[in-house]
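[1] Quick one: sequence and predicted model below, then my questions.
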Amino acid sequence: MENSITSLRAASNILFGYNMRKIYDKYRNNASFKEKFTNADDFYRYAMQVVGGYNQFQNNRSGFFNGNGYNKGFPFYGKHTYSGTNIYRGYFHQFTNQKLKKD
């Protein structure tokens with residue numbers, strides 16, 4: 001990325017998403033894994049619900065228990081927009097600042 005500055009926070013979230021994708025890639029041919037996650041998008045949605053739920057619980061406990069979370073649903077599932085965007089970019093290998101899109 002020529003003439004770009006990326007914060008450590010952004011880079012960490014991109015790496016988190018990239019590593020999440022590596023997990024999918026490692027197990028995608030395993031029969032029992034394939035039964036649960038037929039494609040990379042299914043695994044992303046499942047994993048991000050766990051990640052987002054943890055984020056909501058840690059940062060917004062009163063909202064979490066009252067069902068008043070933020071950034072519900074795809075693609076953030078409860079993660080902050082900044083973090084969620086970079087996790088998404090890392091997972092779907094979109095390393096530039098273009099608009100989010102699926103492969």
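    Yes, it's here. Numbers count the residues shown, from 1 in each chain.

[2] buried ones in the helix or strand harbouring A10?
    Using DSSP states H and E, A10 falls within helix 8-27. In terms of neighbour count (16 or more other CB atoms under 10 Å), helix 8-27 has its buried residues at A10, N13, I14, F16, G17, Y18, M20, R21, Y24. Using the backbone N, CA and C atoms, a C-beta is placed for each residue, glycine as well.

[3] now the helices for this structure?
    8-27, 31-36, 40-59, 61-66, 81-91 (DSSP state H).

[4] Out of these, which gets the lowest mean score?
    Note on those: lowest mean pLDDT is at helix 61-66, with a mean of 68.

[5] Relative to Q49, how far out is Y88?
    According to CB to CB, to the nearest Å, Y88 and Q49 sit 14 Å apart.

[6] Between these two, which is the more surrounded one?
    Per other CB atoms under 10 Å, whichever of Y88 and Q49 has more neighbours is Y88, with 22 against 15.

[7] Could you find the closest non-adjacent residue to the more buried one?
    Nearest non-adjacent residue to Y88, counting by CB to CB, 6 or more residues apart in numbering: P75, 4.9 Å away.

[8] now do G78
    Spatial nearest neighbour of G78, excluding adjacent residues (CB to CB, 6+ apart): G52 at 2.8 Å.

[9] Many thanks, we can stop here.
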